[in-house]
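Undergrad: got a predicted model here, sequence first, then my questions.
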Amino acid sequence: QVQLVESGGGLAQAGGSLRLSCAASGRTFGLYAMGWFRQAPGKEREFVAAIGRIGGNTYYSDSVKGRFTISRDNAKNAVYLQMNSLKSEDTAVYYCAAGPRIATGLGDFGSWGQGTQVTVSS
């Protein structure tokens with residue numbers, strides 16, 4: 001399994017931007033598809049975005065499509081989530097996850113980070 005550590009969360013105003021980073025350990029990062037999920041207070045963890053092993057394919061939830069961009073740098077063992085035009089409903093803990101193939105389900109990802117808090121004030 002791969003170890004994942006998220007960073008970059010914090011407080012932003014509505015309409016602003018944040019960039020989340022996820023650093024992965026190990027020399028097999030390029031074998032994993034990566035995803036971002038989020039969990040708001042009192043809600044289920046939900047899919048946000050995913051990217052294939054070499055970055056050619058990306059998936060987004062309808063709620064973030066056009067505002068968020070997922071990318072990866074296999075040379076740096078890192079995946080990123082650029083979040084623009086933030087809304088108060090984007091407030092959540094954001095989790096990075098790794099899995100064998102690009103997917104959108106929680107069960108498709110076997111390795112998870114501890115999460116980073118994103119708070120958007122309106």
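TA: Perfect, thanks for sending it. Numbering: from 1, shown residues only.
Undergrad: C-alpha only now, for contacts and for neighbours.
TA: Fine.
Undergrad: just confirm Glu89 is within a helix.
TA: Yes. Counting by DSSP: H, G, I helix; E, B strand; the rest coil, Glu89 falls inside a helix.
Undergrad: how close does it sit to Lys43?
TA: Separation of Glu89 from Lys43 (C-alpha to C-alpha, to the nearest Å) stands at 12 Å.
Undergrad: with neighbour numbers in mind, choose between the two.
TA: More crowded of Glu89 and Lys43, by other C-alpha atoms under 10 Å: Glu89, with 13 against 9.
Undergrad: who touches that one in this structure?
TA: Residues counted as contacts of Glu89 (C-alpha atoms under 8 Å, 6 or more residues apart in numbering) are Val120.
Undergrad: which residues does the residue nearest in space to the middle of the chain form beta bridges with?
TA: For the chain, the residue nearest the mean C-alpha position is Trp36 (2.4 Å; C-alpha atoms, centre = their mean). For Trp36, the beta-bridge partners are Ala49, Cys96 (DSSP bridges).
Undergrad: who's in contact with it?
TA: Phe47, Val48, Ala49, Ala50, Leu81, Tyr94, Tyr95, Cys96, Ala97.
Undergrad: now do Gln3
TA: For Gln3, the contact set (C-alpha under 8 Å, 6+ apart) comprises Ala24, Ser25, Gly26, Ser111, Trp112, Gly113.
Undergrad: for it, phi and psi?
TA: Per-residue torsions, Gln3: phi -90, psi 140 (degrees, to the nearest 10).
Undergrad: quick one: it from Leu18, how far?
TA: Per C-alpha to C-alpha, Gln3 is found 23 Å from Leu18.
Undergrad: tell me how many other residues crowd the residue nearest to Pro41 when sequence neighbours are not counted.
TA: Spatial nearest neighbour of Pro41, chain neighbours left out: Ala92 (7.0 Å); criterion: C-alpha to C-alpha, 6 or more residues apart in numbering. Using other C-alpha under 10 Å, Ala92 is surrounded by 21 other residues.
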